[in-house]
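Novice: The sequence and its predicted three-dimensional model are supplied below.
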Amino acid sequence: MLVDAEWDERYNRKLNRTLKNAHFRYKAAIEQINFDSPRKLNKNQVLRLADCGFIDKKENVLITGSTGVGKSYIASAIGHQACSLWYKVLYEHAFKFFARLKNGKADGTYLKEIIKIEKQDLLIIDDFGIQPLDQQSRTILM
């Protein structure tokens, strides 16, 4: 029992640290996603994404839909699932993300930010495409 308690404690500490480092907008879980018909979510597709195989394959995932359907929540849920599978995740809001990287180019911290991003297994950019990207943001994205 002592070994089990120690293992549980270490597991929970590591998971909490991973979740904290990801900076999620929502505390979300795949099990809490509502698949009611008005939302028109494909449950099989969401559950396939939840196994996080796309991360190992280095595939990109775009979640699209109208306002209020829960795109950010679904992205957070997939990110939480990835954290529980020990992937390193970073959740960023697009506007703040590109602004921070632009500022990094100006103040010399750009390479540090890029290295931080490169260490991640999954980068979630929320609200991507809401505002048009300027030339510098497009260059940063590439």
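Specialist: Yep, it's here.
Novice: drop to CA atoms for contacts and neighbour counts, all remaining ones
Specialist: Will do.
Novice: middle-most residue in this structure, spatially?
Specialist: By CA atoms, centre = their mean, the chain has its centre lying nearest to residue 124, at 3.3 Å.
Novice: chain center to the longest helix seen in the chain: distance?
Specialist: Secondary structure assigned by DSSP state H gives helix 2-22 as the longest helix of the chain. Its chain's C-alpha centre and that of helix 2-22 lie 20 Å apart, by CA atoms, centre = their mean, to the nearest Å.
Novice: got the angle for the helix or strand hosting the residue nearest to the centre of the chain vs helix 2-22?
Specialist: Taking DSSP states H and E as the criterion, residue 124 maps to strand 122-126. Inter-element angle recorded for strand 122-126 and helix 2-22: 50 degrees (by axes from the mean of the first three to the mean of the last three CA atoms, to 10 degrees).
Novice: and strand 122-126, what other elements does it pack with?
Specialist: Strand 122-126 is packed against helix 71-84, strand 89-93, helix 94-107, with contacts defined by 3 or more CA pairs under 8 Å, 6 or more residues apart in numbering; DSSP states H and E.
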